[in-house]
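Engineer: Sharing a sequence plus its predicted fold:
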Amino acid sequence: MSSQSAEPATEFHEINFDGLVGPTHNYAGLAPGNLHSTANAKSVSYPKRAALQGIAKMRRLMDMGLPQAVLPPQERPDILALRRLGFTGTDEDVLKRAGHESPALLSACCSASGMWSANAATFSPAPDSDDACAHITPANLNSLFHRQLEVEFVERLMWSAFGEGSAVRVHASLPGNAALADEGAANHVRLCADHGEPGVQLFAFGRFGIPSAEAAAAPSPSRFTARQTREACEALARLHRLDPDRVFFAQQSPRAIDAGIFHNDVICVGHRNVLLYHEHAYVETQPVVDGLRQRLASLPGSPELIEIRISDDDLPLDAAASSYLFNSQLIDDPGNTGSMRLVAPEACREHPQASAAVRRILAGDNPVDRVDFVDVSQSLRNGGGPACLRLRMVLSETQIDRIRPRLIATDDLLAEIERWVGRHYRDELHPADLADPALARESIAALDELSAILDIRGVYFFQRRSD
Ligand code: SUG
C-alpha cells in the first residue's frame with residue numbers, strides 16, 4: 001500500500017503588481033505617438049495626487065478580494081544617466097547644468113514613467129511553459145530614451161522580488177537594439193479557461209525589426225513609429241518556452257497606431273476566455289480573433305472564446321485613444337463567480353461614445369456585469385490608464401508565498417504608503433522644478449524610506465554607492 005497522499009491541487013491566482021507613482025511625476029511630452037503625453041507636455045503635475053490615485057485604485061481592487069502587490073518607483077532624477085551623458089561635478093552641479101544645457105534630457109532623466117508597470121515586463125505562467133516554470137522578461141523599452149532608463153532597475157527588482165526556488169525564472173531583457181524593441185505586457189494578452197490551466201498567448205507587434213521580404217511587404221504607420229517588433233515577440237515566446245501551437249503573433253493596425261494607439265493595451269484587453277477589442281486593432285482583425293478562438297478550442301476542455309467586439313462606428317479609433325476605454329482592467333468579480341467587472345478610467349464616464357460602449361458591453365451576452373470607474377487622471381494625462389499601471393501575473397499559491405512579503409498589499413501597507421506619500425511628495429510640480437536640487441534630495445529621502453517600508457533596502461543605486 002502506498003503511503004503517499006495525493007498533493008492538493010495547486011491553486012493559481014492572478015495578482016496585479018501596480019507601479020507606485022514616483023515623487024518626480026511630471027508631464028514632459030516625451031512620448032511621440034502617445035497623444036496624451038504630447039497634449040499635456042509642460043503642464044503642471046500633481047505628484048501627491050497622482051500617487052494617491054494609484055494607491056486608491058489598488059485599494060479598490062484589494063477590497064474586492066483580489067490579490068494585489070506594489071512595485072516601488074524608480075530612482076529619479078537619474079543622476080547616473082546624466083553623468084553618463086557628460087554632466088559632471090556634484091549632483092547639484094549635474095542637475096543645474098542639465099537644466100541649463102538640455103532641459104529635454106533632464107526631464108527624460110526625471111520621468112516617473114516606471115509607474116506604468118504593464119511595460120515593465122512580459123509574464124508567462126507555469127501552466128503555459130514546457131518547463132512548468134513561470135517566466136518574466138523585463139522589457140528593454142528600447143523605443144524611448146526615458147523608458148529605456150527603467151530597465152536595469154526592473155531587472156534588479158524582479159530578481160529580488162521572486163525568491164530562490166519559486167520556479168519563477170527572471171530573464172535578462174532582450175538585447176537593447178531597435179530590432180528587438182520590446183514594451184512588455186502592454187503588447188501581450190493571455191487567454192485561458194482557468195488560470196491554472198494552459199492558455200493561449202497573443203503577442204502584438206507594430207513593425208518588423210530585421211529586413212526581410214515579409215517585413216518589406218508589411219504595412220507601416222506613416223505618422224508615428226511603431227514600438228514593438230515581431231522579432232522581440234518571437235524571442236519572448238521562445239524564452240518563455242511556450243508551445244508554438246498556443247501562441248499567436250498579430251500586427252497592430254498602422255491606422256490605429258497613427259490614431260494614437262501606441263500599445264495593444266490601448267485597443268484590446270483580455271481576461272480568461274473573454275477578449276474585448278476594437279475592430280481595427282490589427283492589420284486584419286478577424287483572422288486574429290479566429291486564430292485565438294481555434295487555439296483556445298484546442299486546449300483541454302475546448303474553452304470557447306467570448307468576444308466583445310467594438311465597432312469603429314460605435315467608438316472610432318480617435319475616441320478609443322482619447323477615452324482609454326480599452327485600457328480598462330477586466331477582472332473576476334470575486335463575489336459573483338463567473339462574472340467579470342470592468343475597471344475603467346473615470347474619463348469614460350464623461351465620454352459620450354465610450355460610456356455608450358460601456359453600456360452595450362454590460363448589456364451584452366458576456367460575463368461582464370459591472371463597471372467600476374477609477375480616477376487615475378494624473379497618470380492618464382501622460383497616456384497611462386488603469387491597465388497601464390499594473391503588471392499582472394498568474395502564480396501558484398506557493399509562488400505567491402515566495403514573493404518578498406512586503407510587496408504584497410495589505411490594508412496596513414497601503415495606509416503606510418499613503419502616509420509616506422503625504423510626508424514626502426510635493427503637491428505641485430512645474431517643469432522648471434526638475435532642476436531643483438531640493439527635489440532630488442526629497443526624492444532620494446523618500447525612496448530610502450520606502451525601501452525600508454517594503455523591505456527592499458539596497459535595491460536603489462544610491463544605496464549601493466560606496467562614495
Ligand atoms: O510609454 N507615457 C508612457 C505611457 C505608457 C502607457 N502604458 C501602457 N499603455 N501600458 C509611454 O508612452 C509619457 C511621459 C511624458 O511625456 O512625460 C510616457 O512615457
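Structural biologist: Received, thanks.
Engineer: can I have stretch 69-80 written out in PDB, keeping just the CAs?
Structural biologist: Output in PDB follows, covering the C-alpha atoms of stretch 69-80 (Å, rounded to 0.1, in the frame of the first residue of the first chain):
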ATOM      1  CA  ALA A  69       1.100  43.900  -5.000                       C
ATOM      2  CA  VAL A  70       3.200  47.000  -5.300                       C
ATOM      3  CA  LEU A  71       6.300  47.900  -7.200                       C
ATOM      4  CA  PRO A  72       8.400  50.900  -6.000                       C
ATOM      5  CA  PRO A  73       9.200  53.900  -8.100                       C
ATOM      6  CA  GLN A  74      12.400  54.200 -10.000                       C
ATOM      7  CA  GLU A  75      15.300  56.400  -8.700                       C
ATOM      8  CA  ARG A  76      14.700  59.800 -10.200                       C
ATOM      9  CA  PRO A  77      16.400  62.100 -11.200                       C
ATOM     10  CA  ASP A  78      18.600  59.500 -12.700                       C
ATOM     11  CA  ILE A  79      21.900  61.300 -11.900                       C
ATOM     12  CA  LEU A  80      24.000  58.400 -13.100                       C
END
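Engineer: So what's the gap between it and the chain middle?
Structural biologist: Mean-position distance between stretch 69-80 and its chain equals 15 Å (Cα atoms, centre = their mean, to the nearest Å).
Engineer: Stretch 51-66: which residues count as buried?
Structural biologist: Using 16 or more other Cβ atoms under 10 Å as the burial criterion, the residues of stretch 51-66 that qualify are 51, 52, 53, 54, 55, 57, 58, 59, 61, 62, 64, 66. Quick note: C-beta positions are derived from backbone N, CA and C, even for glycine.
Engineer: Are we agreed that the second one is in a helix?
Structural biologist: In this case it means residue 52. Yes: according to DSSP: H, G, I helix; E, B strand; the rest coil, residue 52 belongs to a helix.
Engineer: Apart from its neighbours in sequence, what residue is nearest it?
Structural biologist: Spatially, and ignoring its direct neighbours in sequence, residue 52 is nearest to residue 421 (6.1 Å; Cβ to Cβ, 6 or more residues apart in numbering).
Engineer: Wait, that neighbour touches residue 48, no?
Structural biologist: Yes: using Cβ atoms under 8 Å, residue 421 is in contact with residue 48, at 6.0 Å.
Engineer: who has more neighbours, these two?
Structural biologist: Neighbours per residue, other Cβ atoms under 10 Å: of residue 421 and residue 48, the larger number sits with residue 421, 22 against 19.
Engineer: Report the distance from the one helix or strand that one maps to to the chain centre.
Structural biologist: In the assignment (DSSP states H and E), residue 421 maps to helix 411-424. Relative to the centre of its chain, helix 411-424 is centred 22 Å away, using Cα atoms, centre = their mean.
Engineer: Put the alpha carbons of it into CSV.
Structural biologist: The C-alpha coordinates for helix 411-424 follow below in CSV (Å, rounded to 0.1, in the frame of the first residue of the first chain):
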residue,chain,number,x,y,z
ASP,A,411,-4.7,47.5,4.3
ASP,A,412,-1.9,48.4,6.7
LEU,A,413,0.8,48.5,4.0
LEU,A,414,-1.3,50.7,1.7
ALA,A,415,-2.1,53.0,4.7
GLU,A,416,1.6,53.2,5.5
ILE,A,417,2.4,54.1,1.9
GLU,A,418,-0.2,56.7,1.8
ARG,A,419,1.3,58.3,4.9
TRP,A,420,4.7,58.1,3.3
VAL,A,421,3.4,59.9,0.2
GLY,A,422,1.8,62.5,2.4
ARG,A,423,5.2,63.2,4.1
HIS,A,424,7.4,63.3,1.1
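Engineer: Tell me the helices and strands packed up against it.
Structural biologist: Packed against helix 411-424 by the contact rule (3 or more Cβ pairs under 8 Å, 6 or more residues apart in numbering; DSSP states H and E) you find helix 47-63, helix 437-453.
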